[in-house]
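Chemist: Sharing a model that was predicted from the sequence below.
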Amino acid sequence: MMPLELDKTDLQILKILQDDASLTTKEIAFQIRKAVGTVHDRIRKLYEHGYVKKTVAILDRKKINRGLIAFSHVLLNDHTAATLNSFETEVVKFPEVMECFQMTGTFDFILRIATSDMETYGDFYRDKLSKLPKVHTVQSFFVLAEIKSDTSYPL
């Protein structure tokens, strides 16, 4: 599929969708002063070309008992493709792991982990994360206050 050339209208639509994807096509069309059919076709193309990966509801983590956030840096024993692939395959299965990034630098991965409290994190660390093969070191940092958390990219 050929890459889609984004114009001003596409960027406006993407900005609106990032802010509130629950808006109807008609509401988006009204905001950007375009025909509903045009906006509908553009939204469909943005999805088809992968500019919008999925549409989700962002929950209040504290209200669903996920008040503790940890950023855990993981260092593996070796860096063979098999070890890296094995770690990635297993770590993404844990529901506590919200994000996993392979990194450059001292550690191999950074995980964002959400649990209800420190005891639950301890259980996760002891019973799941530390038991993954080839995990050498885990260094965790706990969030004291969430100053900014945004899901929108500047366009």
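Modeler: Arrived safely, thanks for sending. Residues are numbered from 1 along each chain as shown.
Chemist: Just the buried positions in stretch 39-58, please.
Modeler: Across stretch 39-58, burial judged by 16 or more other C-beta atoms under 10 Å covers 39-40, 42-43, 46, 51. For glycine as for every other residue, the C-beta is placed from the backbone atoms N, C-alpha and C.
Chemist: Could you single out the nearest of those residues to Asp7?
Modeler: Arg42 (9.2 Å; C-beta to C-beta).
Chemist: just so I have it, where are all the strands in this structure?
Modeler: For the chain, strands defined by DSSP state E occupy the ranges 68-76, 97-102, 109-115, 135-142.
Chemist: How many neighbouring residues does Ile147 have?
Modeler: Other residues within reach of Ile147 by the criterion other C-beta atoms under 10 Å amount to 6.
Chemist: what does Thr38 give?
Modeler: Neighbour number of Thr38 under other C-beta under 10 Å is 14.
Chemist: Report the contact partners of it.
Modeler: 9, 29 (C-beta atoms under 8 Å, 6 or more residues apart in numbering).
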